[in-house]
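> sequence and predicted model, in that order:
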Amino acid sequence: MYDNSRYNNLYEDINGRPWVVTGLPARKQSGQTSVWVMADQMLVRHGDGPSNGLVFGAQYAYADGKTSQINHHIVAALMDTGHLWGRPEDGIGIAFQWAHFSRSAVLSQQAALANGLALVGANFGTPYGIQGHETIYEAYYTYHVRTGVTLQGDFQYVNHVGGTTVFNDAAVLSSALNVAF
């Protein structure tokens, strides 16, 4: 995708210096490029449904690092239906996500920190420290209650929360009730 809108550069001002330090307007970038690829593959089929089986899915996304705080994002997942344990409408899965913060965002954060200034946020929020990457490991189980109703339990382990080492790693438990009419 190419978006021909004009975006603020995350690091450079109109003279090519760190705008967070100079206070001058950020350099405008003409356009932003994003690329993403998604794929999935049924590894083992468990019945007639389009997703009834063991499925591997993956995604890679790239965004221009001069205008996007995150410039690389990878997701991989392995999902299965409950056919093998007698619950063909239940689902179970594991996933991995990795997000890399762009060099322009990091340079801007380093310049702010070196000059005693507050870190400035961009399109993914205000950082709490110098960002590098964030990794998330996830496991979930979706329980089919009845037609149109599912309950999903989810566990995530987050390494480098928010892309920084300011916080300890986090374990997150959540649940979701989905009702479709």
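Perfect, I can see it now.
> in this structure, which helix has the most residues?
When the chain is parsed with DSSP state H, its longest helix is helix 103-114.
> list the helices and strands the next helix or strand after that helix packs on?
For helix 103-114, the following helix or strand on the C-terminal side (DSSP states H and E) is strand 133-146. Packing partners of strand 133-146 (3 or more C-beta pairs under 8 Å, 6 or more residues apart in numbering; DSSP states H and E): strand 87-101, strand 149-159. From N, CA and C alone the C-beta is placed, and that goes for glycine too.
> now these in TSV, with mean pLDDT, mean neighbour count and distance to Y128?
TSV is the format used below for the helices and strands packed on strand 133-146 (pLDDT from 0 to 100; neighbours: other C-beta atoms under 10 Å; distance: least, C-beta to C-beta, whole Å):
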stretch	mean pLDDT	mean neighbour count	distance to Y128
strand 87-101	95	18	12
strand 149-159	97	15	13
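> looking at it, Q59 is touching H72, isn't it?
No: Q59 is beyond contact range of H72, at 11.4 Å (criterion: C-beta atoms under 8 Å).
> name the SS class of M79, please.
strand (DSSP: H, G, I helix; E, B strand; the rest coil).
> circling back: I'd like the mean pLDDT over the longest helix of the chain, please.
Helix 103-114 shows a mean pLDDT of 94.
> any chance of the helices and strands packed on strand 133-146 in a markdown table with distance to P127 as columns?
Below are these laid out as a markdown table (distance: least, C-beta to C-beta, whole Å):
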| stretch | distance to P127 |
| --- | --- |
| strand 87-101 | 8 |
| strand 149-159 | 15 |
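> so which of the ones you listed gets nearest S5?
Taking C-beta to C-beta, strand 87-101 is the member of those nearest to S5, at 21.8 Å.
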